[in-house]
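J.: below are the sequence and a predicted model; questions follow.
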Amino acid sequence: MQINPLHIALSSPIAKEKLYIKYMVSLRCKLLVQEELKKLDIQHLVVELGAVELLQDISAEQRLILRENLIKSGLELLDNKKSILVEKIKSAIINVIHYSDEQLKINYSEYLAEKLGYDYTYLSNLFSEVKGITIQQFIIIHKIEKAKELILYEELNTTEISYRLHYSSVAHFSNQFKKVTGLTPSFYKKLKKKRQGNLEDV
């Protein structure tokens, strides 16, 4: 049997590591990545938003197939150090805003610097360079998206939502919500309820 030298090169093991994945921002994405790992029989310890911690070395061939399969699903396996760090920033912010009920004891700049081990000014400049928006703008976008979700759940009032999303006051939250959406939180709630009512009448 003739051995393909290319196959030997592709099968050479890669050191155990974390894989970083772009556009992985939801629980659905996590399930999709887990499924792809399972198909390739890649053992993993944990799948987080934006990252996968492996329990084994993976071959170059497995990495190549995983990269191609993730692209088909709108995800991207990252190699560039700057891109990886930007994804870490995004994942840290998304985790705090969308998936954590705990209140931040420090502001976002301190939190990111502490979590990622870099000076915040460096993180901020890098993020703006790669994404074209500031970290602060990214935080605001996601806070308002989360606020919309919480308003529609109707479990929390405006004061509770502003506290949950780490705003200094209800007025600050309401002003920022209106600046982004063009509506006040209360009017947004009425509008959504009216639309839901219209749909139920159809």
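T.: Done, it's in. Numbering: from 1, shown residues only.
J.: hey, let's count contacts and neighbours off CA atoms from now on
T.: Noted.
J.: domain parsing for this structure?
T.: Domain segmentation of the chain under automatic domain parsing yields 10-79, 85-193.
J.: worst mean pLDDT among the ones you listed?
T.: Lowest mean pLDDT within these: domain 10-79, at a mean of 83.
J.: what's the offset of that domain from the middle of its chain?
T.: 16 Å (Cα atoms, centre = their mean, to the nearest Å).
J.: list the buried residues in stretch 174-186.
T.: Residues of stretch 174-186 classed as buried: 174, 176-177, 183-185 (neighbour count, 16 or more other Cα atoms under 10 Å).
J.: just stretch 77-85 next, same as before
T.: Quick answer for stretch 77-85 (16+ other Cα under 10 Å): 77-78, 83-85.
J.: out of the residues you listed, who's nearest residue 70?
T.: Distance to residue 70 across these (Cα to Cα) is lowest for residue 77, with 7.2 Å.
J.: what lies in contact with the host helix or strand of residue 110?
T.: Take DSSP states H and E as the rule and residue 110 turns out to sit in helix 108-116. With contact meaning Cα atoms under 8 Å, 6 or more residues apart in numbering, helix 108-116 is reached by 88-89, 92, 119-120, 123.
J.: so how far is it off the chain centroid?
T.: With Cα atoms, centre = their mean as the basis, helix 108-116 stands 16 Å off its chain's centre.
J.: what does the pLDDT read for residue 6?
T.: We note a pLDDT of 45 for residue 6 in this prediction.
J.: still on that earlier bit, closest one of the buried residues of stretch 174-186 to residue 72?
T.: Nearest member of these to residue 72, counting by Cα to Cα, is residue 177, at 34.9 Å.
J.: tell me how far residue 125 lies from residue 43.
T.: With the distance defined as Cα to Cα, to the nearest Å, residue 125 ends up 36 Å from residue 43.
J.: quick one, what contacts the most centrally placed residue in the chain?
T.: What sits nearest the mean C-alpha location of the chain, by Cα atoms, centre = their mean, is residue 25, with 3.4 Å. For residue 25, the contacting residues are 49-50, 91, 94, by Cα under 8 Å, 6+ apart.
J.: same thing but 10 Å
T.: Shown in contact with residue 25 (Cα atoms under 10 Å, 6 or more residues apart in numbering): 48-50, 75, 87, 90-91, 94-95, 98.
J.: mind checking which of the residues you listed land in helices?
T.: Using DSSP state H, the subset of the contacts of residue 25 located in helices is 87, 90-91, 94-95, 98.
J.: which among the residues you listed end up buried?
T.: Applying 16+ other Cα under 10 Å to these flags 87, 90-91, 94, 98 as buried.
J.: for the residues you listed, which one is nearest residue 149?
T.: Set against residue 149, the nearest of those by Cα to Cα is residue 98 (9.7 Å).
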